[in-house]
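[1] any chance you could fold what I've pasted below:
(one chain, ligands or ions: 1)
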Amino acid sequence: MSETAAKREANWVESENSSRKVKRAKADEDNGQEEVGKESEAENILHGFKTCKVLSDSAREKNIFIHGKFADKEAVVILEKTPIREDTLADLFSGSVLKLEMKNDIYSTYRLQAPHHLNEIKTTVVCPATEKHIKKYQRQESFLVEETGEDYESITLPYIQQQSFSLQWVYNILEKNAEADRIVFEDPDPKVGFVLLPDFKWDQKQVDDLYLIAIAHCRGIRSLRDLKSEHLPLLQNIFEKGKEAIMQRYNLPASKLRVYLHYQPSYYHLHVHFTKLGYEAPGCGVERAHLLADVIQNLQSDFQYYKTRTLYFPLRAEDGLLSKFKESGKL
Ligand code: M7G
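    Numbers count the residues shown, from 1 in each chain. Now for the predicted structure:
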């Protein structure tokens, strides 16, 4: 990264952090609470968490997915160490305690105990979690499924009509009942409009792992399979305005973005993923991610493209949809 770009990014992080503090203080004020009160409230939640099982963990990604309970409520807690930011190095070096582990010739290793504010773990809580949430985060073997247009109608569609995750969080965002202060850009048009905001997987501390989602205002487009040429204005609008908003806010040009849809998604309401190119976001592999630019072109050349094409995607061993494909003799 050039020095000017690095400076602009550092300035963005700094101004984001202070604006978030202001917003948080304002939200707490509105709730009649002090910021400190809110933070200690969050601590208390985890005090009552009883671990049942580690669903998956990764030493490389430095995360752990845990199934457990808050009293009698099933829950999933995700803990993830966050990247070390260049703009925190001075604080880290001056404010830490360093413990020597070993010294050998020119080599030495230490344990660095960072100050509290630089030692945070990103924590996500899903509660109450359904059986489907627990399976979503459980490490499982995957199988590639081949789905024709007819398979979609006879196997997938009936399954997702019965078994999908609730879309309440999506409607909360669209109706400004949640995450309203996180919105980066909105086009309120009911047909081609959308809300662009940080994905909850992104802590917004650095652009290296930038992850935003654009959620369409219009309802009823479940996935890629429902897209037709009549949706081109919507898709083009999300693509163009999404890229523009990201350039303005994060100073990241379109050439640095990976913009795509998942098939199968977890949530069947049209949304588009915007991640930084080079960041290996979960689900950005070729077996699941469809570039929005390709989707647009495919629909331009064939208005029924996604209705008729055979699509390939991975399903995990315990996914109910996989059982349906097996029962139909498709696997
Ligand atoms: P998806 O392709 O339907 O499924 O994407 P995936 O989760 O298997 O990738 C939905 C996206 O929405 C994911 O990137 C999630 O991390 C993100 N997401 C899910 N929830 C429940 C929320 C939420 O409550 N808020 C925000 N901001 N993002 C969410």
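[2] what residues does the stretch 151-300 of the chain put near the ligand?
    For the stretch 151-300 of the chain, the residues in contact with the ligand (Cβ under 6 Å from any ligand atom) are 169, 179, 197, 199-201, 213, 262, 265-267, 283. (Each C-beta comes from the backbone N, C-alpha and C, glycine too.)
[3] quick one: the helices in the stretch 101-250 of the chain?
    Listed in chain order, the helices of the stretch 101-250 of the chain (DSSP state H, counting those that start in this stretch) span 131-137, 149-151, 157-163, 168-174, 232-250.
[4] okay if I get those helices as CSV plus mean neighbour count and mean pLDDT?
    Shown next, in CSV, are those (neighbours: other Cβ atoms under 10 Å; pLDDT from 0 to 100):
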stretch, mean neighbour count, mean pLDDT
helix 131-137, 17, 94
helix 149-151, 14, 98
helix 157-163, 13, 95
helix 168-174, 16, 98
helix 232-250, 18, 98
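[5] ranges for the strands of the stretch 51-200 of the chain?
    63-70, 73-81, 97-104, 107-113, 121-126, 142-147, 185-187, 194-198 (DSSP state E, counting those that start in this stretch).
[6] of the residues of the stretch 151-300 of the chain next to the ligand, buried ones?
    Using 16 or more other Cβ atoms under 10 Å as the burial test, these include 197, 201, 213, 262, 265, 267, 283 as buried.
[7] mind checking how far the second one is from residue 295?
    For residue 201, the distance to residue 295 (Cβ to Cβ, to the nearest Å) stands at 22 Å.
[8] what does the first one give?
    The gap separating residue 197 from residue 295 is 21 Å, by Cβ to Cβ.
[9] where are the low-confidence patches of the chain?
    Applying pLDDT under 70 to the chain flags residues 1-43.
[10] show me what counts as buried in stretch 94-113.
    Buried-residue list, stretch 94-113, by 16+ other Cβ under 10 Å: residue 96.
[11] return the alpha-carbon coordinates of it using PDB.
    Provided in PDB are the C-alpha atoms of stretch 94-113 (Å, rounded to 0.1, in the frame of the first residue of the first chain):
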ATOM      1  CA  SER A  94       5.000   1.000  24.800                       C
ATOM      2  CA  GLY A  95       2.100  -0.400  26.800                       C
ATOM      3  CA  SER A  96       2.800  -4.200  27.000                       C
ATOM      4  CA  VAL A  97       4.600  -6.500  29.300                       C
ATOM      5  CA  LEU A  98       7.100  -8.700  27.600                       C
ATOM      6  CA  LYS A  99       8.100 -12.200  29.000                       C
ATOM      7  CA  LEU A 100      11.100 -14.000  27.600                       C
ATOM      8  CA  GLU A 101      10.500 -17.600  26.500                       C
ATOM      9  CA  MET A 102      13.800 -18.500  25.100                       C
ATOM     10  CA  LYS A 103      17.000 -17.000  23.700                       C
ATOM     11  CA  ASN A 104      19.400 -18.700  21.300                       C
ATOM     12  CA  ASP A 105      22.100 -16.900  19.500                       C
ATOM     13  CA  ILE A 106      20.400 -14.100  17.500                       C
ATOM     14  CA  TYR A 107      16.900 -15.700  18.100                       C
ATOM     15  CA  SER A 108      14.500 -15.000  20.900                       C
ATOM     16  CA  THR A 109      10.800 -15.600  21.500                       C
ATOM     17  CA  TYR A 110       8.600 -13.800  23.900                       C
ATOM     18  CA  ARG A 111       5.000 -13.700  25.200                       C
ATOM     19  CA  LEU A 112       3.700 -10.200  24.900                       C
ATOM     20  CA  GLN A 113       0.900  -9.200  27.200                       C
END
